[in-house]
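[1] The sequence isn't on hand, but the structure is:
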């Protein structure tokens, strides 16, 4: 039976009245009634709450009806005849979506976090705000959704949602108005947060708790964070905020201090491999143990990436999946090629090195991936008994430097050839008729600043500080300074370019970044508020919160060569080596 409802909305309807009316509409529609709505507005009364006009009501009701239309449960549709049916193709879900955990017990590799949240649900002591921090694809959003169902479940068991009650089904079908997932990158402005702040005070329409899940929360602007502070400090009893981020150091401390912070860890290769084997068995896919381990290794701690790679392998190889098929699919070089390349470098065989690079480029192999695989081989050497002290460490460090230069280069092939040849020259590796010649000290060919280096890690510096020793230390010889520059280069390439021309010094709890007087523009650019806040955050992440940054000009600082000058020096090295000439310089 079709129920026709005609609603006249008083212009003077207040917020409480509008909420009650919307709740009734929600009840009628979500409980299977056949509803036909006719809305009009009575403008004879004075406007008290102007926001509740016919436009907003039409949009709210349209949202309810559309959600039911998509779900196939609303019989009222002007364009629909018969039941709404979806084809088999349109209902296909990617493998990682089908295997997304729906209960806490299904979450892989985050036992401590699962235990904390389940105990909070059982005890009825779920916090009003959580911050989930960690790498991509390790379960942050999945756990947030499970928690949203657990706190609203009508029949929870041991802190787990039943996933079968009316509330759980509504949330699983994404039909609940009380569970809001917000993309922080797209809704990052203060206006979006103001709107959220106004809506959070309304009681839930059906569920017991309103849950706001804000993904990539670090993308919010400073103004938006400030607008959220008061609501986050004293939220309504029915509201729960769950923030997810891959870059927690970008979130203001005033926000972090109001949340329970749960740090999601990368998942171990063994756990990922075990889970992939289980998925393969369930999907009736035959895959070798070595292939599973390779996929788990390539996922780099991310379960979602691992499952995506498995699905890609299933599409690539219709039959049994082995390592050789994965090597072709991933664009990797064969392990034998890696060993031959390292052997050619260590023997100083420049011709063989260039030949292998040329072959890889012609086959379309990813040179960055090839360098990553080489560093992995060297890392295993260093950890094992076959590693040679000093030699493999310097070689691995040099390959990492070449890989970092490739990241922002357009011509990977030439830059890799120049970089490897320069590395061989630095390490003193050359081929002689009598065999291989290695530099006896393995350090005479290194840059001057790497000689007689002082191992001055942040922990050791703090120990010296506690004993009262505050002598100045140069950070240019510290590996984590280079590591920090590498991270900045991936996120803020302009800041990384400025810092490349700087000379850092550490004295007490002050990090001084000094520029040559010719680089005034670099100093002024770094001193801008946004850049300085970002740089301070990165320093705090590396050294600790007690350190602060000072940027200045210093006439005694040696002027560092620009990237163009460095490239010109490398080109000159190649020219001399092959007795060539420079025909064009842009």
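    Received it, and whenever you're ready, just let me know what you need. What you see is a predicted model; the values in this text were computed from it and never measured. Residues are numbered from 1 along each chain as shown.

[2] Could you confirm residue 182 falls within a strand?
    Yes. When DSSP: H, G, I helix; E, B strand; the rest coil is applied, residue 182 is found to be in a strand.

[3] looking at the sheet around it, what are its partners?
    residue 214 (DSSP bridges).

[4] wait, what's in contact with it?
    192, 196, 212-215 (C-beta atoms under 8 Å, 6 or more residues apart in numbering). Just so you know, the C-beta spots here come from the backbone N, C-alpha and C atoms, and that holds for glycine as well.

[5] of the residues you listed, closest to residue 228?
    residue 196 (7.8 Å; C-beta to C-beta).

[6] Next, count neighbours for that closest one.
    Residues lying near residue 196 (other C-beta atoms under 10 Å) number 19.

[7] Mind putting the contacts of residue 182 into a markdown table with distance to residue 284 and pLDDT?
    A markdown table is the format used below for the contacts of residue 182 (distance: C-beta to C-beta, whole Å; pLDDT from 0 to 100):
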| residue | distance to residue 284 | pLDDT |
| --- | --- | --- |
| 192 | 45 | 85 |
| 196 | 45 | 86 |
| 212 | 40 | 93 |
| 213 | 34 | 94 |
| 214 | 39 | 92 |
| 215 | 33 | 91 |
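
[8] out of those, which are buried?
    When the contacts of residue 182 are checked for burial by 16 or more other C-beta atoms under 10 Å, the buried set is 192, 196, 212-215.

[9] returning to that earlier point: reformat the contacts of residue 182 as JSON lines; add distance to residue 281.
    What follows is the contacts of residue 182, written out as JSON lines (distance: C-beta to C-beta, whole Å):
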{"residue": "192", "distance to residue 281": "44"}
{"residue": "196", "distance to residue 281": "44"}
{"residue": "212", "distance to residue 281": "38"}
{"residue": "213", "distance to residue 281": "32"}
{"residue": "214", "distance to residue 281": "37"}
{"residue": "215", "distance to residue 281": "32"}
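
[10] now, which of those sits nearest residue 169?
    residue 213 (18.4 Å).

[11] ok, that closest one to residue 140 distance?
    Using C-beta to C-beta, to the nearest Å, one gets 10 Å for the distance from residue 213 to residue 140.

[12] which neighbours do those two share?
    Here residue 213 and residue 140 have residue 244 as joint contacts, going by C-beta under 8 Å, 6+ apart.

[13] Let me know the secondary structure of residue 244.
    When classified by three-state DSSP, residue 244 comes out as strand.

[14] ok, now residue 175?
    Once three-state DSSP is applied, residue 175 turns out coil.

[15] if I look at it, how far off is residue 310?
    Distance, residue 175 to residue 310, by C-beta to C-beta: 31 Å.

[16] same thing with residue 369?
    Here residue 369 is placed at a distance of 18 Å from residue 310 (C-beta to C-beta).

[17] Who has more neighbours out of the two?
    Between residue 369 and residue 310, counting by other C-beta under 10 Å, residue 310 is the more crowded of the two (28 against 16).

[18] of the contacts of residue 182, closest to residue 221?
    Once C-beta to C-beta is applied, the member of the contacts of residue 182 that ends up nearest residue 221 is residue 192, at 9.7 Å.

[19] Chain neighbours aside, what residue packs nearest to the closest one?
    Distances taken as C-beta to C-beta, 6 or more residues apart in numbering place residue 224 nearest to residue 192, at 6.9 Å, with adjacent residues excluded.

[20] and that neighbour, what helix or strand is that in?
    helix 222-233 (DSSP states H and E).

[21] Check residue 329 too.
    Residue-wise, residue 329 maps onto helix 323-330 under DSSP H and E.

[22] what packs against that helix?
    Where contact means 3 or more C-beta pairs under 8 Å, 6 or more residues apart in numbering; DSSP states H and E, helix 323-330 is packed against helix 289-299, helix 303-316.

[23] can you redo those helices as a markdown table with mean pLDDT and distance to residue 231?
    Listed next are the helices and strands packed on helix 323-330 as a markdown table, based on pLDDT from 0 to 100; distance: least, C-beta to C-beta, whole Å:
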| stretch | mean pLDDT | distance to residue 231 |
| --- | --- | --- |
| helix 289-299 | 91 | 37 |
| helix 303-316 | 92 | 31 |
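
[24] Can you check which of those gets nearest to residue 163?
    helix 303-316 (20.2 Å).

[25] what does the closest one contact?
    94-96, 99, 108-109, 136-139, 267, 272, 275-276, 279-280, 283, 285, 287, 291, 295-296, 298-299, 321, 325-326, 329-330.

[26] give me the number of residues near residue 198?
    Neighbour count of residue 198, defined by other C-beta under 10 Å: 12.

[27] ok but residue 552 is inside a helix, no?
    No. Residue 552: not assigned to a helix; according to three-state DSSP it is strand.

[28] That one pairs with what?
    Assigned bridge partners for residue 552, using DSSP bridges, are residue 514.

[29] Output the contacting helices and strands for the helix or strand hosting residue 169.
    Using DSSP H and E, residue 169 sits within helix 166-172. With contacts defined as 3+ C-beta pairs under 8 Å, 6+ apart, the packing partners of helix 166-172 are helix 140-152.

[30] Quick one: mean pLDDT over the helix it packs on.
    Averaging pLDDT along helix 140-152 gives 94.

[31] what angle do that helix and helix 303-316 make?
    Between helix 140-152 and helix 303-316, the angle comes out at 110 degrees (axes from the mean of the first three to the mean of the last three C-alpha atoms, to 10 degrees).

[32] re earlier: out of the helices and strands packed on helix 323-330, which gets nearest to residue 241?
    Of all these, it is helix 303-316 that lies closest to residue 241, at 23.6 Å by C-beta to C-beta.

[33] Buried ones in that closest one, by neighbour count?
    Of all the residues in helix 303-316, those buried under the rule 16+ other C-beta under 10 Å are 303-311, 313-314.

[34] Break down the protein into its strands, ranges please.
    2-10, 34-42, 129-133, 179-183, 210-215, 239-245, 260-263, 430-432, 435-437, 473-474, 503-507, 510-515, 548-553 (DSSP state E).

[35] Return the residues in contact with residue 372.
    Contacts for residue 372 (C-beta under 8 Å, 6+ apart) come out as residue 403.

[36] Which parts of this protein belong to which domain?
    Residue ranges for the domains of the chain, per automatic domain parsing: 2-71, 95-263, 269-330, 335-447, 458-563.
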